[in-house]
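Q: Could you look at this predicted model? Sequence included:
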Amino acid sequence: MTELDAVGGRIRAARQARGMSLRALAEKVGVSASMLSLLENGRSRSSIPTLYAVVEALDLSMDELFSGAQPLPEQSPAPTAGPPAWGGGTAPTGSELLVVRAGNRRRIEMETGVVWEQLGHNEQDGVEFMLVTYPPGASSSDSGRYQRHSGLECAHVMQGELTCKVGFEEVTLGAGDSLTIDSSRPHLFENNGSVDMRAVWLVLRHRDPGPGDLPAR
């Protein structure tokens with residue numbers, strides 16, 4: 001199963017579990033039913049705004065979305081059933097640690113080439129912990145339009161440059177720079193440099209957002 005099949009299948013399963021038709025979800029997200037069908041069937045990649053809108057419309061966590069994208073992160077020591085832990089899955093008995101190995105991250109690639117790799121997760125607190133890569137020329141929106149969604153985002157750039165447009169402000173971050181924004185403010189991220197931009201990304205999500213919190217298209 002490919003990454004596209006897994007992510008699309010997870011969206012379709014969540015929609016069906018909620019008794020929602022393809023057309024109803026498409027209208028709620030703000031895309032055509034045909035586009036959503038392509039996404040669910042693994043024949044098209046999503047944009048970042050659309051993916052956020054789908055996640056919020058279905059009240060999914062990013063961990064639930066990532067769950068089909070790649071095998072679960074390796075755990076250490078030997079896996080024995082235990083309490084829920086960071087990153088999804090379970091931790092060994094008596095331990096709250098879960099290790100995500102460098103070569104075993106679950107990943108999602110967007111239609112713009114942006115890649116999300118899951119580093120950890122705390123579903124109870126709505127915390128998403130990711131490594132985000134923007135290739136040269138990549139943007140958070142293929143149309144260049146700003147997006148917004150509920151929550152708070154914190155980013156720390158490790159390599160390259162990231163141009164951040166938030167409301168009427170614009171700033172370019174370089175390696176070692178960090179940014180925190182209220183995600184409900186219209187924002188757009190771009191890599192206008194010549195090398196990949198890699199950043200550690202923390203997203204604090206608010207569950208059950210209102211209609212006004214959905215990403216702008």
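A: Structure's in. What do you need? Numbering: from 1, shown residues only.

Q: C-alpha only now, for contacts and for neighbours.
A: OK.

Q: could you point out which element follows whichever helix in the chain runs longest?
A: Secondary structure assigned by DSSP state H gives helix 3-17 as the longest helix of the chain. Once the chain leaves helix 3-17, the next helix or strand it forms, by DSSP states H and E, is helix 22-29.

Q: mind saving the C-alpha coords of that following helix as PDB?
A: What follows is helix 22-29 as a C-alpha-only set of coordinates in PDB (Å, rounded to 0.1, in the frame of the first residue of the first chain):
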ATOM      1  CA  LEU A  22     -18.600  12.300   0.100                       C
ATOM      2  CA  ARG A  23     -20.500  15.300  -1.100                       C
ATOM      3  CA  ALA A  24     -21.300  16.500   2.400                       C
ATOM      4  CA  LEU A  25     -17.600  16.400   3.400                       C
ATOM      5  CA  ALA A  26     -16.500  18.100   0.200                       C
ATOM      6  CA  GLU A  27     -19.000  20.900   0.900                       C
ATOM      7  CA  LYS A  28     -17.700  21.300   4.500                       C
ATOM      8  CA  VAL A  29     -14.100  21.300   3.400                       C
END
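
Q: The helix or strand that comes right after that helix relative to helix 3-17, how many degrees between them?
A: Along the chain past helix 22-29, the next helix or strand (assigned with DSSP H and E) turns out to be helix 33-40. Here helix 33-40 runs at 120 degrees with respect to helix 3-17, directions being taken by axes from the mean of the first three to the mean of the last three CA atoms, to 10 degrees.

Q: Kindly calculate the angle that the helix or strand following helix 33-40 makes with helix 3-17.
A: For helix 33-40, the following helix or strand on the C-terminal side (DSSP H and E) is helix 48-57. Here the directions of helix 48-57 and helix 3-17 differ by 30 degrees (the same axes, to 10 degrees).

Q: And the helix or strand following helix 48-57, what does it pack against?
A: Scanning forward in sequence from helix 48-57 by DSSP H and E, the next helix or strand is helix 62-66. In this structure, helix 62-66 makes packing contacts with helix 3-17, judged by 3 or more CA pairs under 8 Å, 6 or more residues apart in numbering; DSSP states H and E.

Q: Which residue ranges make up each domain of the chain?
A: Per the record, the chain has its domains at 3-70+105-213, 73-101, by automatic domain parsing.

Q: want to throw those into TSV with mean neighbour count?
A: Formatted as TSV, the entries for the domains of the chain read as follows, by neighbours: other CA atoms under 10 Å:
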stretch	mean neighbour count
domain 3-70+105-213	19
domain 73-101	16
